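Visitor: need a structure here:
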Amino acid sequence: MNNTFTMTDNRTGTSYEFDILDGTRGPSVVDISSFYGQTGMFTYDQGYTSTASTKSAITFIDGDKGELRHRGVDIEELVENHSYIEVCYLLLKKRLPTPEEAKGFDLELRHRSFIHERMRGLFNSFPISGHPMAIMNSAVAALTVFYGDHIEIQNDEEALEMAARIIAKMPTIAAFSYRHSMGIPFIYPDVNRSFTENFLYMMRAYPGGVMKIGNDGENTISPVEVKALDAIFSLHADHEQNASTTTVRNVASTNAHPYVAISSGISALWGSAHGGANEQVIRQFEMIGSVDRVDEFIARAKDRNDSFRLMGFGHRVYKNFDPRAKILRGLQDQLKDELKLDSELMKIASKIEDIALNDEYFVSRKLYPNIDFYSGVILTALKIPTSMFTPIFVIGRTVGWISQWLEYKEDKKAKIARPRQLYTGA
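Guide: Sure, this is the predicted structure:
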């Protein structure tokens with residue numbers, strides 16, 4: 001049997017044959033790269049719902065089964081038994097590190113976390129009212145000025161150095177963006193602190209490295225807080241060929257600087273239909289205000305004539321459940337007392353969740369709670385302001401973006417992204 005796919009133009013009766021390519025997991029694909037050459041036509045797939053734009057060995061998703069794997073390792077295994085640093089190592093180096101390798105990588109990131117001193121002026125040039133995502137976008141693009149040599153990477157060692165540098169600096173850029181928006185002094189990274197703890201430290205500390213002092217003495221960053229945020233970083237590390245990742249790969253195809261590609265990914269992620277969704281979930285909970293009003297908003301969500309839509313439900317890929325949401329739901333239950341999760345927000349979220357999991361309207365449409373539904377409640381408990389929810393997503397996703405950039409550059413057959421169109425103008 002030929003491993004091919006035959007298509008017939010019913011207007012002429014002419015048939016065309018295309019190769020079928022089989023991956024290691026998931027659906028096979030029909031190689032239509034010669035489609036235009038053979039038929040004189042383009043294919044049309046708005047939103048790329050049925051089109052594989054690349055080959056990748058980084059992340060696998062089975063939406064029907066609710067499965068997510070990085071380099072073959074299940075996401076639940078990674079979150080439960082490995083740190084975010086180890087997940088980064090896995091994505092970049094294609095295997096999990098030994099304890100000694102993980103320690104070395106952690107130390108490397110700590111020492112690369114400082115940004116060029118001249119970038120302080122860049123942050124200070126923005127209005128205080130500027131959204132942290134806009135500032136982060138500009139700051140990451142500005143890194144190309146200080147690391148211009150990264151545009152011509154000669155070997156794997158240089159590539160991994162470039163990747164480690166952007167991963168390490170992203171929490172610092174995010175924290176500086178936040179502190180600028182608050183009009184408070186910047187706090188430099190502390191090399192004695194781990195990746196995730198360091199970010200919380202840069203967000204919260206006072207000049208001199210002192211944490212807030214209360215009646216019981218100096219506040220500390222608790223291990224449970226680090227655990228919760230580390231899990232959120234890991235759950236956002238990569239998510240296959242989503243909108244922002246595709247943007248990064250498309251920019252990579254032009255031979256632009258890798259940090260410009262990451263900056264473009266930040267722009268794509270900012271939208272409320274993508275990374276900005278968790279920010280919208282919390283704003284929606286706050287708008288609902290009380291558990292007594294949940295039924296009112298559920299009714300509005302069901303009314304097709306009402307513009308109101310519940311945020312944090314459904315996913316274009318997952319049709320059973322979002323495995324990341326399942327993990328965060330369990331983490332939320334584990335940590336609700338230790339993190340002192342907002343009781344009113346929890347009540348509102350719990351009632352909405354209960355209705356969505358049992359109401360025929362939501363079940364029949366497969367509108368299950370997704371990761372955005374749960375992450376906002378935990379981030380709120382960590383005293384992360386709503387405007388920083390999407391920058392948190394950026395910190396976690398940076399390793400995925402740069403891993404995808406590296407994989408694209410390894411593909412000797414890669415071409416500049418140039419989609420076709422169905423012209424409908426005059």
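
Visitor: Do a quick rundown of the strands in the stretch 51-200 of the chain.
Guide: Using DSSP state E, counting those that start in this stretch, the strands of the stretch 51-200 of the chain run over 59-62, 67-70, 73-74.

Visitor: Now do the helices in the stretch 201-350 of the chain.
Guide: Assigned by DSSP state H, counting those that start in this stretch, the stretch 201-350 of the chain shows helices spanning 223-235, 243-252, 258-269, 277-288, 294-302, 323-335, 343-358.

Visitor: Output the ones you listed as TSV; include the columns mean pLDDT, distance to Pro171 and mean neighbour count.
Guide: Glycine gets a C-beta too; all of them are placed from N, C-alpha and C. Formatted as TSV, these follow (pLDDT from 0 to 100; distance: least, C-beta to C-beta, whole Å; neighbours: other C-beta atoms under 10 Å):
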stretch	mean pLDDT	distance to Pro171	mean neighbour count
helix 223-235	94	9	22
helix 243-252	96	18	23
helix 258-269	96	14	24
helix 277-288	84	18	21
helix 294-302	91	35	16
helix 323-335	83	20	19
helix 343-358	83	25	17
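
Visitor: hmm, back to that, just name the most buried of the strands of the stretch 51-200 of the chain.
Guide: strand 67-70 (a mean of 21; mean count of other C-beta atoms under 10 Å).

Visitor: Relative to that one, what are the paired strands and their orientations?
Guide: strand 59-62 (antiparallel), strand 73-74 (antiparallel) (DSSP bridges).

Visitor: Pass me the low-pLDDT residue ranges in the chain, would you?
Guide: 340-343 (pLDDT under 70).

Visitor: 50 instead?
Guide: Filtered on pLDDT under 50, the chain yields no residues whatsoever.

Visitor: What is the longest helix of it by residue count?
Guide: In the chain, assigned by DSSP state H, the helix with the most residues is helix 156-182.

Visitor: need the strands for the stretch 301-426 of the chain, in chain order.
Guide: Assigned strands in the stretch 301-426 of the chain: none (criterion: DSSP E, counting those that start in this stretch).

Visitor: Next, count neighbours for the nearest residue to Ala301 once chain neighbours are set aside.
Guide: Excluding the flanking residues, the one nearest Ala301 by C-beta to C-beta, 6 or more residues apart in numbering is Leu310, at 4.6 Å. Neighbourhood size, Leu310 [other C-beta atoms under 10 Å]: 21.

Visitor: Give me the contact list for stretch 3-23.
Guide: 2, 28-32, 34-35, 38-39 (C-beta atoms under 8 Å, 6 or more residues apart in numbering).

Visitor: Selection in ChimeraX covering whichever of those are buried, please.
Guide: Here is the ChimeraX command that selects the buried residues among the contacts of stretch 3-23 (16 or more other C-beta atoms under 10 Å):
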select :29,30,32,35
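
Visitor: The contacts of stretch 3-23: which two are farthest apart?
Guide: Using C-beta to C-beta, those reach their maximum pairwise distance at Ser28 and Thr39, which is 20.9 Å.

Visitor: contacting residues around Ile151?
Guide: With C-beta under 8 Å, 6+ apart, Ile151 has these contacts: 144, 255-258.

Visitor: Among these, which one sits closest to Gly130?
Guide: So of the contacts of Ile151, ranked by how close each gets to Gly130 (C-beta to C-beta), first place is Thr144, at 20.3 Å.

Visitor: That closest one - nearest residue in space that isn't next to it in sequence?
Guide: What sits nearest to Thr144 in space, not counting adjacent residues and going by C-beta to C-beta, 6+ apart, is His257, at 4.4 Å.

Visitor: Now do that neighbour: how many residues are near it, please.
Guide: 21.

Visitor: now swap in Ser53 and tell me
Guide: Ser53: 12 neighbours (other C-beta under 10 Å).

Visitor: Double-check it against Thr246; I have them as touching.
Guide: Yes: between Ser53 and Thr246 a contact is recorded at 6.5 Å, counting by C-beta atoms under 8 Å.

Visitor: Of all the residues in stretch 102-119, which ones are buried?
Guide: 102, 105-106, 108-110, 112-113, 115, 119.

Visitor: next one: stretch 46-54
Guide: Per 16+ other C-beta under 10 Å, stretch 46-54 contains these buried residues: Ala52.

Visitor: any residues touching that stretch, and which ones?
Guide: Contact with stretch 46-54 is made by 29, 43, 45, 241, 246, 249, 316, 408, 411, 417, as judged by C-beta under 8 Å, 6+ apart.

Visitor: can you redo those as a markdown table with distance to Thr220?
Guide: Shown next, in a markdown table, are the contacts of stretch 46-54 (distance: C-beta to C-beta, whole Å):
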| residue | distance to Thr220 |
| --- | --- |
| Val29 | 51 |
| Thr43 | 57 |
| Asp45 | 52 |
| Gln241 | 41 |
| Thr246 | 41 |
| Arg249 | 41 |
| Arg316 | 41 |
| Tyr408 | 42 |
| Asp411 | 47 |
| Ala417 | 48 |
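
Visitor: Show me which of these are buried.
Guide: Burial by neighbour count, 16+ other C-beta under 10 Å: within the contacts of stretch 46-54 this picks out 29, 241, 246, 249, 408, 417.

Visitor: show me what contacts the second one?
Guide: Okay, so that is Gln241. Taking C-beta under 8 Å, 6+ apart as the test, what Gln241 contacts is 52-54, 56, 249.

Visitor: Relative to Lys366, which of those is nearest.
Guide: Nearest to Lys366 among the contacts of Gln241, counting by C-beta to C-beta, is Ala52 at 22.6 Å.

Visitor: so how far does stretch 304-315 reach from one end to the other?
Guide: 19 Å (C-alpha to C-alpha, to the nearest Å).

Visitor: picking up where we left off before, pull the most distant pair out of the contacts of stretch 46-54.
Guide: Pairwise over the contacts of stretch 46-54, using C-beta to C-beta, the maximum falls at Arg316 and Asp411, 25.2 Å.
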